[in-house]
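Chemist: Take this sequence and fold it.
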Amino acid sequence: MSIIEFIKERMIFLIINLIMFLLVAILMKIVKVSINIILILFLIWFGPILIYMFLEFIKYRRYLNNLINTVENLDRKYLLPEVIEEPRFQEARIINDVLKQCNKSMHEKVKHYKDEQIEYREYIETWVHEIKTPIASAKLILENDNSNLSERINYEMKRVEGFIEQVLYYARSSDVSKDYIIKEFSLRSVVMKSVKSNSRDFINKNIKLDIRGIEGNIFSDEKWVEFIINQIIINAVKFSIPNEGKVSIYSKVNENNIILTIEDNGVGINEKDIDRVFEKGFTGENGRKFGKSTGIGLYLCKKLCDKLGIGISLNSKENIGTKVNIVFPQGKFTDF
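Modeler: Model (predicted):
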């Protein structure tokens, strides 16, 4: 706040005082009062007013500067009412009280939505675990029947199971920080688990698998990393051409990170869709063409990578293939 802006806001008050002084001065002039006395009256009249306004300006500016500096230096802006210095004049106290009431109301709303989110997540987790039991029983029955129909049903059951798994991880992904265990583990072991869970699809589509040079240990949450890698492998298999497809998985150990690459020679992604592959619900032209994409898998991968402090990038050319790089920082620190 500048002194000019401060004076402008009080211009009416000054004008009223000036008009009143002029009226008094005119009356004094009529009764032939000395001009020196009128000037002394002017000083007595406006001197205290100007001094008071100057002191008020200093007080307001100090308060507002403190408020602005606190906001600029505060990472969590909503904590402003809690950390700001208690003001010494009434108007600022009223502002502070209003801020505190707003902050309290916001915390109550946030708590309400968090409670709803927890309830929703618990319901989804319960539902997923309940529905997995009959699916597992059905798959066990189908594995004992080698007919073509059973194989087709088993394939669709596996797809359903994959979608259910996505629902579970989607429900958990919003609150990764309360559902993680950071530890050191072998990158190769996680990759092999994901490959094993997709082994039937590799066999059914007769897709070649090239695993080479996967080295190094990483610090992260093993189950989330396994989910991310699994989603990428599922996509690589899904969009590979039967009997012609090839999926390559390899890693490169650098000084500050380990880069895991999952590469396929499948249908690829249209150039205009590349920038949107990590958007929620985006399936792209090939996703719609094949009718097998939900637009959730890559979105979840990106969301989880951001939560875990892992980098992920995708390069693709239509009818040539897709390459996904997952970058694991070297060290024990992740961005939670």
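
Chemist: looking at this protein, which helix or strand does the model trust least?
Modeler: Sorting the helices and strands of the chain by mean pLDDT, DSSP states H and E puts helix 284-290 at the bottom, at a mean of 64.

Chemist: Who are the packing partners of the following helix or strand past that one?
Modeler: On the C-terminal side of helix 284-290, the closest following helix or strand by DSSP states H and E is helix 297-308. Here helix 297-308 touches helix 148-173, helix 222-238, strand 311-317, going by 3 or more Cβ pairs under 8 Å, 6 or more residues apart in numbering; DSSP states H and E. Any C-beta I mention is one placed from the backbone N, CA and C, and that applies to glycine too.

Chemist: My read is that G162 contacts V237, right?
Modeler: No. The pair G162 and V237 does not pass the contact test of Cβ atoms under 8 Å, sitting 11.2 Å apart.

Chemist: Keeping just the C-alphas, turn stretch 39-54 into PDB.
Modeler: Only the C-alpha atoms of stretch 39-54 are listed here, as PDB (Å, rounded to 0.1, in the frame of the first residue of the first chain):
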ATOM      1  CA  LEU A  39      -3.400  30.200   9.600                       C
ATOM      2  CA  ILE A  40      -2.800  29.100  13.200                       C
ATOM      3  CA  LEU A  41      -6.300  27.500  13.200                       C
ATOM      4  CA  PHE A  42      -5.500  25.700  10.000                       C
ATOM      5  CA  LEU A  43      -2.400  24.200  11.500                       C
ATOM      6  CA  ILE A  44      -4.200  23.300  14.700                       C
ATOM      7  CA  TRP A  45      -7.100  21.800  12.700                       C
ATOM      8  CA  PHE A  46      -5.100  19.800  10.000                       C
ATOM      9  CA  GLY A  47      -1.900  19.100  11.900                       C
ATOM     10  CA  PRO A  48      -3.300  16.400  14.200                       C
ATOM     11  CA  ILE A  49      -5.300  15.000  11.300                       C
ATOM     12  CA  LEU A  50      -2.300  14.600   9.100                       C
ATOM     13  CA  ILE A  51      -0.200  13.200  12.000                       C
ATOM     14  CA  TYR A  52      -2.900  10.700  12.800                       C
ATOM     15  CA  MET A  53      -3.300   9.700   9.200                       C
ATOM     16  CA  PHE A  54       0.500   9.200   8.900                       C
END
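
Chemist: Mean confidence (pLDDT) on that stretch, please.
Modeler: The average pLDDT for stretch 39-54 rounds to 89.

Chemist: returning to that earlier point: make CSV out of the helices and strands packed on helix 297-308 and add mean pLDDT and distance to T283.
Modeler: Listed next are those as CSV, based on pLDDT from 0 to 100; distance: least, Cβ to Cβ, whole Å:
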stretch, mean pLDDT, distance to T283
helix 148-173, 72, 14
helix 222-238, 90, 11
strand 311-317, 92, 14
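
Chemist: per-domain residue ranges of the protein.
Modeler: As assigned by automatic domain parsing, the chain contains the domains 3-106, 181-329.

Chemist: Ok, which of the helices and strands packed on helix 297-308 comes nearest E82?
Modeler: Closest to E82 of the helices and strands packed on helix 297-308 is helix 148-173 (Cβ to Cβ; 30.2 Å).

Chemist: tilt between that closest one and helix 297-308?
Modeler: Compare the direction of helix 148-173 with that of helix 297-308 by axes from the mean of the first three to the mean of the last three Cα atoms, to 10 degrees and you get 30 degrees.

Chemist: buried set for helix 148-173?
Modeler: 153-154, 158, 161-162, 164-173 (16 or more other Cβ atoms under 10 Å).

Chemist: and which of the residues you listed is nearest K8?
Modeler: Of all the buried residues of helix 148-173, S173 has the smallest distance to K8: 52.5 Å, by Cβ to Cβ.

Chemist: after the helix or strand containing Y60 comes which helix or strand?
Modeler: Assigned by DSSP H and E, Y60 belongs to helix 35-73. Going down the chain from helix 35-73, the next helix or strand is helix 80-83, by DSSP H and E.

Chemist: Quick one: distance of that following helix to the chain centre.
Modeler: From the chain centre to the centre of helix 80-83 is a distance of 24 Å (Cα atoms, centre = their mean, to the nearest Å).

Chemist: neighbouring contacts of that helix?
Modeler: L67, T70, V71, L74, N96, L99, K100, C102, N103 (Cβ atoms under 8 Å, 6 or more residues apart in numbering).

Chemist: Quick check: closest non-adjacent residue to the second one.
Modeler: Nearest residue to T70 in three dimensions, chain neighbours excluded: I84, at 5.4 Å (Cβ to Cβ, 6 or more residues apart in numbering).

Chemist: If anything else comes up later, I'll come back, but that's it for now.
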